[in-house]
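# I'd like to go over a predicted model; first the sequence, then the structure.
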Amino acid sequence: MISDRAYQACTRCIMDTTADRSIIFNNAGVCGHCLRYDSSFSTRVIRGEAGKAVLDALIQKIKATGKGRFYDCIIGVSGGVDSTYVAYLVKGLGLRPLAVHLDNGWNSELAVKNIERVLNKLGIDLYTYVIDWEEFKDLQIAFLKASTPDGEIPSDHAIFALLWREAAKRGIKYIVSGMNFTTESISVPDWAYGHSDWRYIKDVHSRFGRVRLRTYPHFSLLYLLYVNLISRIRTVSILNYLDYDKNDAMRILTQELGWQYYGGKHHESIYTRFYQGHVLPKKFGIDKRYGHLSDLINAGQLTREEALIEIKKPPYAEIQQTEDVEYISKKLGLRKSGFDEIMALPCKNFRSYKNSFSLVNLLKSIANRLRSRGLYPR
């Protein structure tokens, strides 16, 4: 996918017209992602003593709503740094969490060991939902055949659905999330869309899938409204109330819990490593590291010069990419030629399929307005 725009790079982060073809810049050459970071930061993040005070009040509220129950909150765990650090924090804050993990068949061995080791040391119970492999495999293949950059959406959507389902079933009012604005603010719909859009997922599957999705965890926007307005289950991004530094978190987890780093953002999943490091760059010309590194620049945790050096490196080793192509093609039941045919399909995006993009954006804007008024968790 080639853009005919004149090349331009942000003067502050490393986002450019190659990474994001719809990027905009102000007169000083600062990109729209950095400007959004500045304008939204105060509504999403609260630091220092002010953050501690708000977080303390929130913890007391979580404890109060969970009184009399075995667990007072749910945390999602993947073996990655953010979710593992949340587990470490909530236990230290005196909460009684239930850890929930979606096993989609693509866990790396290191991720499994990280989850087991950390939760055992912290004394946190784990509930693992093992997804139906035939259903999930069919949905992943459908997204590959749809030829959009959204191949990770089947996992992301199921994780959200599973967390809300378990909270509702167990009468738990709070889900404590590892999502954080400081290091994960950049969002480009043309990189990945559909986390909350069951209409889109369903349309892709109806066109390219073969197996009925009988047990796949999913939710509609109507259910999302029900969870928030009627059941009043709240998702709290606890890291937005702290001075969160990813390197410091990794150091603490390594030294205190024996956690081990897995080599790259979201590389705790074999499929995510393969999809973000091989499929997206080679087929779509998308390298999500531009966003990840730019977030760290805006957070003051990386310099622009360091990021420019890092982005010149391959996403991960070429020999590992070759091995991943062979392994994943075999596990999905695709011949090598079948995978090559998928990679050669014309590139599309979510707009080629039925979707609820406008409504999803409206709900996000409403949530952000409520956050700015202190009426919704950050």
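Nice, I can see it.
# CA atoms for contacts and neighbours, from now on please.
OK.
# pLDDT below threshold where in this protein?
For the chain, the stretches with pLDDT under 70 are 1-4, 263-266.
# Spatially nearest residue to Arg289 (excluding sequence neighbours)?
Nearest non-adjacent residue to Arg289, counting by CA to CA, 6 or more residues apart in numbering: Ile311, 7.0 Å away.
# how about the helices in the stretch 151-300 of the chain?
153-170, 198-208, 221-225, 246-257, 270-274, 289-298 (DSSP state H, counting those that start in this stretch).
# closest to Met343 out of those?
Among those, helix 270-274 comes nearest to Met343, with 13.1 Å by CA to CA.
# okay, now the residue nearest to Arg289: neighbour count?
Close neighbours of Ile311, defined as other CA atoms under 10 Å, add up to 14.
# what's the distance between it and Ile270?
For Ile311, the distance to Ile270 equals 21 Å [CA to CA, to the nearest Å].
# One more: Asp248?
Using CA to CA, we find Asp248 at a distance of 25 Å from Ile270.
# ok, these two, which is more surrounded?
Shown here are Asp248 and Ile270; by other CA under 10 Å, Ile270 has more neighbours (18 against 10).
# my read: the more buried one touches Ser108, true?
Yes. Using CA atoms under 8 Å, Ile270 is in contact with Ser108, at 5.7 Å.
# shouldn't Ala161 be in contact with Ser220?
No. Contact criterion CA under 8 Å: Ala161 and Ser220 do not qualify, at 9.3 Å.
# So these two - more neighbours on which side?
More crowded of Ala161 and Ser220, by other CA under 10 Å: Ala161, with 21 against 13.
# Could you check how far the more buried one is from Ala57?
Taken as CA to CA, the span from Ala161 to Ala57 is 27 Å.
# cool, Leu119 as well?
To Ala57, Leu119 is 25 Å away according to CA to CA.
# So between these two, which is more surrounded?
Leu119 (19 against 11).
# what sits against that one?
Ala87, Asp125, Leu126 (CA atoms under 8 Å, 6 or more residues apart in numbering).
# switch to 10 Å and redo it
Residues in contact with Leu119, defined by CA atoms under 10 Å, 6 or more residues apart in numbering, are Val77, Gly79, Thr84, Ala87, Tyr88, Ala99, Asp125, Leu126, Leu257.
# in what helix or strand does the third one lie?
Just to be clear, that refers to Thr84. Element membership for Thr84 (DSSP states H and E) is helix 81-92.
# Next, the angle from that helix to helix 246-257.
60 degrees (axes from the mean of the first three to the mean of the last three CA atoms, to 10 degrees).
# This completes my enquiry, with thanks.
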